[in-house]
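*Asks:* pasting the sequence and the predicted coordinates here, then a few questions.
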Amino acid sequence: MADATAQAVEKDGAAEKTESLWKDVWYSLSKNVPAMVSLAIIVLLALVAIVTFVAPQILPYDPYQQDLSASFQGPSAEHWFGTDQQGRDIFCRILIGSQISLTVGLLSVAISLVIGVTLGAIAGYKGGVVDTIIMRVMDMMLAIPSILLAIAFMAALGRGIDKAIIAIGFVSIPEYARIVRSQVLAVKQSDYVAAARVIGDSDATIIFRHVLPNVMPSIIVRATLGISSAILDAAALGFLGLGVQPPAAEWGDMLGRGRNYIFAAPHAMIFPGLAITVTVLAFNLLGDGIRDAFDPKSRNR
Amino acid sequence: MLKYVLKRILLAIPVLLGVSIIVFLIMRVFSADPAPVVLGQHATAEAMEAWRDANGLNDPIVMQYVNFITGALHGDLGESYYTHAAVTDELLSRFPATVELALVAIVIAAVVGVALGVVSATHKNSPIDGLATILALVGVSMPIFWLGVLLIILFAGVLHVLPSSGRIDPLLAPVGGTGLYLLDTLLSGDFEAFADAASHIVLPALALSMYSMAVITRMTRSSMLETLNEDYVRTARAKGLKKRRVDIHHALRNAMLPVTTVIGLQLGSLLGGAMLTETVFAWPGIGKYVVDCILKSDFPVVQGAVLLIAVIFVVINLVVDVIYAYLDPRISYGKEEG
């Protein structure tokens, strides 16, 4: 009887603990000024991407309409960021370019997250030969610098933003697999997983109910930082001419196309690069903020 | 120790084989047919078929891999679809340019990164610490090619003090030697050429070093902070040693352990990441060559270059591991942790 009460108390305590953990994390994050500013920038970017997608007519200029008579105008009241080689308004192209950068960032992280977490969980949970095979393949992928691997993929698949998403998503799989595997190995030894096995939970239930929730913090941090590196990689592919097809607006591609006019029209390269840097910086700061928020040591400081 | 080194080398062999399989799979199996690109869209079906036959692309896939890997083991990476030049020769002739750029960049990154990291750790929460934190953040967030562009606009466009592209004035280029222009010109005592080569390498090396500099600064700072909290550092201070002496002689030496690893790993990725920098600065190394060949679907070149860089990357990681084990007596050579 006493045991049952103790158990019930413990269970309540656990539920409360999970809830208060997220509350604590949010509280700590909301005190972190750079992280909150970054979050605001990201929300703003997302809004810009959605609004320009749903209602592109609200943009003052058509971002795809060529007007060669207006090419390479410097920044002015009319064209805030100036115009590019084809007379298109750079400010509008940067706004609409947020669609591609955010899409690539989110989708490629989704790809590496789903595949990486699954592989890592299987490897860590099953162990033995399965573990060895999966992790050795991951090691081999990590043995090639990721941007080089992504470029090789693009070289093989051909240009296109869909292929860039696949290439960038694919090369980050090992990072997630490694994180999840090591956490699964740690959690697997714990008493509550042993208890779950005793009461007859299936492998899948144990992984999803008991193991993955414990891995969530590291995964969330990794994914936030992963979005920033995915956006950087996408911009790099675009810069090399492996990204979007014209006339689509992508920040890296805009930078790459301005290269031949670097001294004549520096603004055509400065502003798209600024857009990339601010976006990547925002995701990096938010990721750092979330990591600190999850870390009880730095939270109490 | 020797046993440990041998074991690490043996472990690297399957990784290298795996890397070659991954590279091969990407370039030969997932890739689109290169024939229409190489021969032009108007080539006849027969011509393309003949071209594929001649380049071994119609052989069974396993045989293609066996040919590729046996060739690679003998130093033969095939030939370019366009120039028919041996890929190995083409890569080797451009290799010194990439190595020189990566070495100068890693020296800049290591010197500035360690110095900044140490100062910001010993002067925590000071303005210098704030500056280092901002630099570290911006350094990892800024696209390398954009930084390159900004440097070109400022130093070549506005100030006119440094060249925007190339490696050296062709008239001054040293003949023979190691292919590392800075070293060659210095050894032959040709200081005019040395100055010219140095002025060409400053901007690309600076651009390339930024990311690594940020990573090294962060790592040095956190490692140094951790060491400064250790008991033996407090003891040294308690027995009356000067702060500066303790910081440098006691703390820094131990804090450098993880930093050494990071520097080594960064050198590996610099070699791979040089592609973007080389493209921006028209630096005649492997990276720029590969990018040019990718755009032309010249697969043997891309395949060979990716393999070469991956092999170097694996070897550097191996060397870093061994150095680390040598420096840190706490590492046991016998068992490896899961």
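*Replies:* Thanks, I have the structure now. Residues are numbered from 1 along each chain as shown, chains lettered A, B, ... in the order given.
*Asks:* buried set for the longest helix belonging to chain A?
*Replies:* What stands out as the longest helix in chain A, according to DSSP state H, is helix A:90-126. With burial defined by 16 or more other CB atoms under 10 Å in any protein chain shown, the residues of helix A:90-126 counted as buried are A:90-113, A:115-125. For every residue, glycine as well, the C-beta is placed using N, CA and C.
*Asks:* one more: stretch A:61-80?
*Replies:* By 16+ other CB under 10 Å, the buried positions in stretch A:61-80 come out as A:Y61, A:P63, A:A70, A:S71, A:F72, A:Q73, A:H79.
*Asks:* now the first one, nearest residue through space, not along the chain?
*Replies:* When you say that, I think you mean A:Y61. Excluding the flanking residues, the one nearest A:Y61 by CB to CB, 6 or more residues apart in numbering or on different chains is A:D89, at 3.8 Å.
*Asks:* please name the bridge partners of that neighbour.
*Replies:* A:D89 has these beta-bridge partners by DSSP bridges: A:T83.
*Asks:* tell me the pLDDT at B:G130?
*Replies:* Looking at B:G130, its pLDDT reads 89.
*Asks:* quick one on the thing from earlier: tell me what the longest helix of chain A is packed against?
*Replies:* With contacts defined as 3 or more CB pairs under 8 Å, 6 or more residues apart in numbering or on different chains; DSSP states H and E, helix A:90-126 has these neighbours: helix A:33-54, helix A:128-142, helix A:161-171, helix A:173-188, helix A:212-239, helix A:251-257, helix A:267-294.
*Asks:* and these, which is most packed in?
*Replies:* helix A:251-257 (a mean of 26; mean count of other CB atoms under 10 Å in any protein chain shown).
*Asks:* show me what that helix is in contact with.
*Replies:* For helix A:251-257, the external contacting residues (CB atoms under 8 Å, 6 or more residues apart in numbering or on different chains) are A:84-85, A:90, A:93-94, A:97, A:100-101, A:234-241, A:243-244, A:268-269, A:272-273, A:275-276, B:143, B:145-146, B:149.
*Asks:* 7 Å - rerun?
*Replies:* Here helix A:251-257 makes contact (CB atoms under 7 Å, 6 or more residues apart in numbering or on different chains) with A:84-85, A:93-94, A:97, A:101, A:234-241, A:243-244, A:269, A:272-273, A:275-276, B:145-146.
*Asks:* the bottom helix or strand of the chain by mean pLDDT?
*Replies:* Going with chain A. Every helix and strand of chain A was ranked by mean pLDDT, DSSP states H and E. The lowest is helix A:296-300, at a mean of 57.
*Asks:* oops, chain B please
*Replies:* The weakest-scoring helix or strand in chain B, judged by mean pLDDT, DSSP H and E, is helix B:243-245 (a mean of 80).
*Asks:* quick one, phi psi at A:S76?
*Replies:* According to degrees, to the nearest 10, the main-chain angles of A:S76 amount to phi -150, psi 180.
*Asks:* mind checking pLDDT for it?
*Replies:* 84.
*Asks:* how far away is the nearest residue in space to it that is not next to it in sequence from A:P266?
*Replies:* The shortest distance from A:S76 to any residue other than its chain neighbours is 7.2 Å, reached at A:G82 (CB to CB, 6+ apart). Distance, A:G82 to A:P266, by CB to CB, to the nearest Å: 9 Å.
*Asks:* for B:I248, same thing?
*Replies:* Counting by CB to CB - B:I248 and A:P266 are separated by 43 Å.
*Asks:* so where is the stretch 101-250 of chain A shaky, pLDDT-wise?
*Replies:* The stretch 101-250 of chain A contains no residues with pLDDT under 70.
*Asks:* and the gap between the residue nearest to A:Y61 and A:L59?
*Replies:* A:D89 sits 8 Å away from A:L59, going by CB to CB.
*Asks:* neighbour count: these two, which is higher?
*Replies:* A:D89 (24 against 16; other CB atoms under 10 Å in any protein chain shown).
*Asks:* residue 20: helix or strand, and which one exactly?
*Replies:* As the question left the chain open, I've gone with chain A. helix A:2-30 (DSSP states H and E).
*Asks:* wait, chain B
*Replies:* helix B:2-24.
*Asks:* who are the packing partners of the helix or strand following that helix?
*Replies:* Downstream of helix B:2-24, the next assigned helix or strand under DSSP H and E is helix B:35-39. Secondary-structure packing of helix B:35-39 (3 or more CB pairs under 7 Å, 6 or more residues apart in numbering or on different chains; DSSP states H and E): helix B:45-54.
*Asks:* what angle separates the helix or strand that the helix it packs on is followed by from helix B:2-24?
*Replies:* Counting by DSSP H and E, the element after helix B:45-54 in chain order, helix or strand, is helix B:61-73. Between helix B:61-73 and helix B:2-24, the angle comes out at 130 degrees (axes from the mean of the first three to the mean of the last three CA atoms, to 10 degrees).
*Asks:* buried residues in helix B:61-73, which are they?
*Replies:* B:Q64, B:Y65, B:F68, B:G71, B:A72.
*Asks:* and the last one, how far from chain A?
*Replies:* The one in question is B:A72. Going from B:A72 to chain A by CB to the nearest CB, to the nearest Å gives 15 Å.
*Asks:* give me the pLDDT for that residue.
*Replies:* B:A72 carries a pLDDT value of 88.
*Asks:* contacting residues for it?
*Replies:* Here B:A72 is in contact with B:S20, B:L307 (CB under 7 Å, 6+ apart).
*Asks:* how about the helix or strand hosting B:V114: buried residues?
*Replies:* Using DSSP H and E, the element containing B:V114 is helix B:87-122. Residues B:87-88, B:90-91, B:94-106, B:108-110, B:112-114, B:116-122 are the ones in helix B:87-122 that count as buried (16+ other CB under 10 Å).
*Asks:* next, name the residue at the spatial heart of the chain.
*Replies:* As the question left the chain open, I've gone with chain A. A:I227 (1.7 Å; CA atoms, centre = their mean).
*Asks:* wait, I meant chain B there
*Replies:* B:L271 (1.9 Å).
*Asks:* residues of chain A that sit close to chain B?
*Replies:* Residues of chain A lying near chain B by CB under 7 Å from any CB of the partner chain: A:136-137, A:139-141, A:143-145, A:147-148, A:151-153, A:155-158, A:185, A:228, A:232, A:235-236, A:239-241, A:255, A:262-263, A:266, A:269, A:273, A:276-277, A:280-281, A:284-285.
*Asks:* next, count neighbours for the closest residue to A:V51 other than its chain neighbours.
*Replies:* With sequence-adjacent residues excluded and distances taken as CB to CB, 6+ apart, A:V51 is closest to A:I58, at 6.8 Å. A:I58 has 9 neighbouring residues, counting by other CB under 10 Å.
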